[in-house]
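**Student:** fold the following.
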Amino acid sequence: MVKLVSLTLVLWIGLTASTIAQVTRHLSGKVLNSVSQKALPFASIGLKNHASGTVSNLSGEFDFHIPDAYTRDTLVISMLGYRNLYLPLDRFDFESSSAKVFQLLPREEILDEVTIRGNLSPKDIIVSALSNIKKNYRAGPYRLEGFYREVSMENGKYTALLEAAVNIFGNKRQKEDKKKKDVVREKVSIKAIRKSFNYQKYHDKSDKGVNFLSLLLLENMVNYPENKGGFGAFEALLTLPEALRYELEPMQYYNDKKVFVIRASPKKLAINREQHHFRLFIDVQDMAFLRIDLYGKAEERILHEDPFSQRAALQLLYVNNTLNFKKYKEQYYLSYLKANWGFQAVDRRTKRILDVFEYKKELLINNVVPQRPFVPYSRKRLMNQQKKLDLHVRKRYDDDFWENYNVIKTHPVDVKIIEDLEKEYPLDSQFDIVPKRH
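**Tutor:** Just a heads-up that it's a prediction; the model follows:
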């Protein structure tokens with residue numbers, strides 16, 4: 001009898017929590033520079049006392065779905081180089097559908113950074129931030145709730161779109177397994193997926209079913225320093241005095257705290273090398289990485305093996321990655337991750353360009369849930385890293401779910417994507433098609 005009552009209570013609590021989670025208030029807005037009135041892309045929109053949040057799109061616009069239980073909290077809008085904007089949520093009329101305008105005041109760059117940093121060189125600052133990774137970044141247990149988007153382009157035309165609602169579970173900081181160098185150690189579950197009709201067909205043809213979410217997570221330098229281009233490679237460059245040139249830019253503010261800004265570039269533009277540049281934003285007080293930009297291209301494009309073609313070789317055109325972290329309850333968590341890259345297929349014999357491919361992947365973390373003790377996850381719903389992402393969820397498209405989920409809002413640049421993908425069917429109709437089993 002006691003077991004029956006306990007089970008009933010657990011089920012009731014679970015259903016109640018689920019019901020509460022579905023009740024949200026909608027806030028739509030646009031973030032502007034208060035001086036120039038220009039839109040501010042990728043501004044952070046969140047709450048003062050909770051980890052729910054989203055970001056503005058390229059037009060500065062956002063839709064924020066706030067759990068009803070959080071409506072007594074304070075809205076916080078922040079961006080690097082600007083003063084934070086704090087607004088109590090109880091001042092908003094959530095029944096109104098009109099978009100609000102939020103203006104951020106630029107904060108002057110700090111020119112006396114030499115006094116603040118003392119005798120530390122740019123390289124010393126980077127080394128200090130690297131040594132503080134274990135202290136500053138939560139290894140687990142935690143659950144990150146997020147929105148993942150991938151867009152593929154071939155020869156100037158958008159060919160495939162996939163969006164997913166995901167949970168990312170971290171348990172503890174695991175040591176690198178050299179036998180499993182390209183394996184994501186976090187556990188990922190997929191809550192919902194929507195995709196264009198030709199996603200499966202395009203990816204079967206172009207990349208033989210690569211799981212791009214796994215590849216994107218491996219770009220997190222904090223969790224996977226051993227990955228190519230990660231902190232492991234970067235630390236190796238620090239030991240080579242002739243490898244990189246370090247430039248300390250004027251300090252900036254983020255979340256009302258001082259931030260070092262360091263640019264690291266190759267000293268010599270070597271022939272037949274892919275030139276990668278870093279721009280690092282490091283919290284002065286915590287010596288923690290807040291943001292890392294990795295960008296570059298090849299001076300003389302190198303030929304790489306194409307695993308899917310004997311005729312063609314691949315040449316990198318560009319890479320443009322961004323990694324953002326946000327502090328919550330004295331620990332830093334991943335908040336946004338972007339990896340954009342382009343390459344072209346070249347005929348080995350004639351050197352003629354056959355095709356140009358571009359991939360754009362991004363992951364927005366819209367909620368952080370520290371978990372102590374660790375809350376077990378269902379292994380049946382975990383992502384298989386060797387399986388294409390669209391084959392994990394077999395449910396019909398749930399429009400109500402997506403209407404209340406925090407995503408990156410569509411902007412005018414996305415119109416081209418929609419136009420290319422809707423030549424056969426409207427996107428909503430394509431979303432409702434369940435993938436076939438393989």
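
**Student:** give me the element residue 125 is part of.
**Tutor:** helix 122-131 (DSSP states H and E).

**Student:** in the next helix or strand after that helix, what's buried?
**Tutor:** Per DSSP H and E, the first helix or strand lying C-terminal to helix 122-131 is helix 133-136. The neighbour-count check on helix 133-136 (16 or more other Cβ atoms under 10 Å) flags 133, 136 as buried. C-beta: built from backbone N, CA, C; applies to glycine.

**Student:** next SSE downstream of helix 133-136?
**Tutor:** Using DSSP H and E, the helix or strand that follows helix 133-136 in sequence is strand 142-154.

**Student:** with adjacent residues omitted, what lies nearest to residue 79?
**Tutor:** Nearest residue to residue 79 in three dimensions, chain neighbours excluded: residue 43, at 4.3 Å (Cβ to Cβ, 6 or more residues apart in numbering).

**Student:** phi and psi next, for the one you found.
**Tutor:** phi -70, psi 150 (degrees, to the nearest 10).

**Student:** okay but it is in contact with residue 85, surely?
**Tutor:** No. Counting by Cβ atoms under 8 Å, residue 43 does not reach residue 85; the two are 9.2 Å apart.

**Student:** so for those two, which residue has more residues nearby?
**Tutor:** Per other Cβ atoms under 10 Å, whichever of residue 43 and residue 85 has more neighbours is residue 43, with 24 against 18.

**Student:** please enumerate the helices of the stretch 301-438 of the chain.
**Tutor:** 399-403, 414-421, 427-431 (DSSP state H, counting those that start in this stretch).

**Student:** could I get those helices as TSV with mean pLDDT and distance to residue 128?
**Tutor:** TSV is the format used below for the helices of the stretch 301-438 of the chain (pLDDT from 0 to 100; distance: least, Cβ to Cβ, whole Å):
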stretch	mean pLDDT	distance to residue 128
helix 399-403	87	43
helix 414-421	79	40
helix 427-431	73	47
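
**Student:** relative to residue 38, which of those is closest?
**Tutor:** Taking Cβ to Cβ, helix 414-421 is the member of the helices of the stretch 301-438 of the chain nearest to residue 38, at 19.5 Å.

**Student:** contacting residues around that closest one?
**Tutor:** Here helix 414-421 makes contact (Cβ atoms under 8 Å, 6 or more residues apart in numbering) with 151, 157, 158, 159, 160, 161, 196, 198, 410, 427, 430.

**Student:** number of nearby residues for the third one?
**Tutor:** What it means is residue 158. Using other Cβ under 10 Å, residue 158 has 19 neighbouring residues.

**Student:** what about it, helix or strand, and which?
**Tutor:** strand 157-170.

**Student:** measure how that strand sits relative to helix 414-421, angle-wise.
**Tutor:** Here strand 157-170 points in a direction 110 degrees away from that of helix 414-421 (axes from the mean of the first three to the mean of the last three Cα atoms, to 10 degrees).

**Student:** ok, strand 157-170: who's next to it in the sheet?
**Tutor:** Using DSSP bridges, the strands paired with strand 157-170 are strand 142-154 (antiparallel), strand 187-195 (antiparallel).

**Student:** dump these to TSV, plus mean pLDDT, mean neighbour count and distance to residue 343.
**Tutor:** As requested, these are arranged in TSV below (pLDDT from 0 to 100; neighbours: other Cβ atoms under 10 Å; distance: least, Cβ to Cβ, whole Å):
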stretch	mean pLDDT	mean neighbour count	distance to residue 343
strand 142-154	93	21	11
strand 187-195	89	20	23
